Every structure is written in C-alpha cells, then in structure tokens.
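> The sequence and its predicted three-dimensional model are supplied below.
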Amino acid sequence: MGSVIPLKKSANSAYLELKNLLGYKLHKVENLIEQKLKSDVDLIEKMSDHHLKSGGKRLRALLTLESAKLTGYKEDNRDINLAACVELIHSATLLHDDVIDESSLRRGVKTTNSIWGNQSSILVGDYLLSRCFEIMVQDGDLEVLQLLSSTSAKIAQGEVLQLQHKGEADLLEETYIDIINLKTAALFSAATKTGACISGSNEKEKKALESYGRNLGLAFQIADDALDYYAKEKFFGKEIGKDFFEGKVTLPLITIFQKGNEEEKEFLTEIMKKDKRTEDDFSETLALIFKYKAVETSLKKAEYFVNVSYDALAIFPESEDKKILQRLTSFSLNRSF
C-alpha cells in the first residue's frame, strides 16, 4: 500500500487549497441552491436559509467539482448542478438527523428543529430532497439519477440500521462499518463518482473515484465519532459526549468492549441500556477510553481507510488535481474545524 503524506502536515491547508481553487464554482453552487430553495412559503425559506448558512464545509460538493476536473470535464454547468444536488442531499439528511437525535446544536449554531420544531424540520428536509430530484431530472443522465437516488436510499437505510442497534454495547465492528458505509461513505463515493460520470470516464476511472470517496468517507466518519470523546466544542461546534448520551455505539466504545474485562463490559452494557446516561457515566467511560487508548485505536483504523483512499487515485496520471485530492485525505483525520 502506498504512503500518505504525513498526517499531521497541512491537513487544513489541503481543504482550503481545494476550496480556493474551486471558489468561483462553489459560489455558483451556492447561488443555485439559494435559487432552488425559493418558495412562496416564507417558513421554508427561513428554515432552509438558517440551516444552509449555519456553517458547513461543502466538502461533498467540492469533491464532485474536483473529481469532474480531474477527469477532464470542461463543458457547461453540469458539474455545478450536480454538486448542488449532492449538497442538497447532505443538507436534507442533516435536518432529519437533528430531529432523530434531538440535537440542539450543530456547528455551534442552534439547530433548525430546536427553533422551529421537529415537524417543520422533517418537511423542509423533504423539500430539499425534492428540489435535488428536480435538478437530477433536468440533468437527464440516467446513470447519475440512479446513482444519487440509490444513495439517498442507502443513507436512510444507514440511519435506520443505526437506530436498530442503538444502545448495543456489544455491537460488532463489522456492523458499525456497515452503518457508516451507508449513512456517510455512500454520499462521499456518490459525490466523487458523479464527477467521473459527467466527464465520460471509463469504468476503471469511475470505480477508482468511487473507492476514493467511499474510503475517505469512512475515515471521515470514524474520526468524527472519535471526536465525541476529545473534541473542543469551540473548534468543531460539536457537543462533547453527544453520541454517548444519545446511546450511539461507535468505534471507541466498541474498542472498550473488545479489550475490557468482564466487569468493564458489564458496566458498559448497563449504561448503554439506560434511557438516559449521566455525566458520571460519561466520566467513567472516558476513563476506560483513556485506559484502552480507544481514540488512538479508532484513529488508526481511520488512517487505514485514508491510505486506501489515497491509493485509489494511483491509476490517474500525475497532475495538480490528483495531488490536491491526495493531500485532502489527511483532512479527515487532522482537521481543526
């Protein structure tokens, strides 16, 4: 397996480099999304505007744009239209996620559901999806339509699978990977493969970019789940212990269950069964996280997927676009925002 650039080096700059490179296109993506979300219903505009302007890296949209650029797309605005589509799918799933998780904060800003309520948030999420499907139909590419529509279904399956296994302290690592592959990595891989589809790439190139996106997404989600046990909210806008208090079993907890003794396993099983977990429960769990180096173990697993993602680009000739995507792989592990 090939070597990745040092993971501690220039992680954020790789993302900022990509954003600056494609800034003019990303601006067009933002304008298209704003145009598509206009509505005669004032509340829809207020809610979608609040949600979309509450931050976000637009990483998936950037991946669509850069994958198209890497594979030689030079035509009209299909890359912009479909990058907007990918971003709308992502935004819709976040609106639904916040309702499911009863979240009050996202990226350091009050969530839409905490301001306007759950029912409206679900419906506005559906509205975003409907606008996305309008863009896909207007594009007219059946391959892209099938790819992005099936991806929406995968994301929903991943969310349901996660709910199905909520509070299971003995969750298998294999099942956890299945969950994040559906709920997160599927959209990353669709974003990158879409870029290849519209440029007329061959199947080998499409599969390579699909693999790049999928493994980048897996690394991104594993690292994000590890953040739950050590992140600083002022940098990430992430409530510390959020997943734990919601009863989500992620890789750090799976690591404890794999390495812990019987007493520790019993403790973890009992607290994850509870309807509500306390700060004391979290403190005791954190002690086990540190004892078994569960965060480090999780990040090591994420690093594996980073390497696979990096290597997936090997089939492409050397270019600045290829190098940017390769450097971006470190961002999932070492970002500071």
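Sure, I can see it. Since we're looking at a predicted model, the values are computed, not measured.

> all strands for the stretch 151-300 of the chain, in order.
Ranges of strands within the stretch 151-300 of the chain: none, based on DSSP state E, counting those that start in this stretch.

> Roughly how far does I33 sit from K19?
In this view, I33 and K19 are 16 Å apart by Cβ to Cβ, to the nearest Å. C-beta here means a position set from N, CA and C on the backbone, and glycine is covered the same way.

> Pick out whichever of those two has more residues nearby.
I33 (23 against 14; other Cβ atoms under 10 Å).

> who's in contact with the more buried one?
Contact analysis of I33 by Cβ atoms under 8 Å, 6 or more residues apart in numbering lists 52, 84, 87-88.

> next one: I135
I135 is in contact with 36, 81-82, 84-85, 88, counting by Cβ under 8 Å, 6+ apart.

> what stretches of the protein score poorly on pLDDT?
Counting by pLDDT under 70, the ranges of the chain that qualify are 1-11, 55, 231-239, 335-337.

> hang on, S120 packs against S48?
No: here S120 lies out of contact with S48, judged by Cβ atoms under 8 Å, at a distance of 10.7 Å.

> Show me which of those two is the more surrounded one.
Ranked by neighbour count (other Cβ under 10 Å), S120 and S48 place S48 first, with 26 against 18.

> Which residue is the nearest non-sequential neighbour of R327?
Among residues not flanking R327 along the chain, A14 sits closest, at 3.9 Å (Cβ to Cβ, 6 or more residues apart in numbering).

> where do the helices sit along the stretch 151-300 of the chain?
173-180, 186-198, 203-227, 233-236, 242-245, 251-259, 262-273, 279-291, 294-312 (DSSP state H, counting those that start in this stretch).

> who wins for proximity to D40 among the ones you listed?
Closest to D40 of those, according to Cβ to Cβ: helix 186-198, at 29.6 Å.

> Pull the distance from the closest one to the chain's centre.
14 Å (Cα atoms, centre = their mean, to the nearest Å).

> Could you name the helices and strands sitting against it?
helix 59-70, helix 78-101, helix 142-164, helix 203-227 (3 or more Cβ pairs under 8 Å, 6 or more residues apart in numbering; DSSP states H and E).

> Looking at those helices, spot the one closest to I177.
For I177, the closest of these is helix 203-227, at 7.1 Å, according to Cβ to Cβ.

> Give me the angle between the closest one and helix 59-70.
Computed by axes from the mean of the first three to the mean of the last three Cα atoms, to 10 degrees, the angle separating helix 203-227 from helix 59-70 equals 150 degrees.

> For E263, give its distance to L43.
For E263 relative to L43 (Cβ to Cβ), the value is 52 Å.

> What of I256?
44 Å.

> Mind checking which of those two has more residues around it?
Between I256 and L43, counting by other Cβ under 10 Å, I256 is the more crowded of the two (21 against 12).

> I figured the more buried one hits A287, correct?
No: I256 lies out of contact with A287 (Cβ under 8 Å); the separation is 10.1 Å.

> Pull out the buried positions in the helix or strand hosting Q138.
Taking DSSP states H and E as the criterion, the element that holds Q138 is helix 118-139. Buried residues in helix 118-139, defined by neighbour count with 16 or more other Cβ atoms under 10 Å: 120-122, 124-125, 127-129, 131-133, 135-136, 139.

> what's the closest of those to L148?
Closest approach between those and L148, by Cβ to Cβ: M136, at 5.9 Å.

> Now do the contacts for that closest one.
M136 neighbours (Cβ under 8 Å, 6+ apart): 82, 85, 144-145, 148-149.

> Highest neighbour count among these?
In terms of neighbours by other Cβ under 10 Å, the contacts of M136 top out with C85 at 31 neighbours.

> OK, contacts around that one?
132, 135-136, 139, 148.

> do K265 as well
Here K265 is in contact with 169-170, 257 (criterion: Cβ under 8 Å, 6+ apart).

> Now a ChimeraX select for only the buried ones of the residues you listed.
To isolate the buried subset of the contacts of K265 in ChimeraX, counting by 16+ other Cβ under 10 Å, use the following:
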select :169,257
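
> How many residues are close by the residue nearest to N215 when sequence neighbours are not counted?
Nearest in space to N215, with sequence neighbours left out and distances taken as Cβ to Cβ, 6+ apart, is S309 at 3.8 Å. Per other Cβ under 10 Å, the neighbour tally for S309 reads 27.
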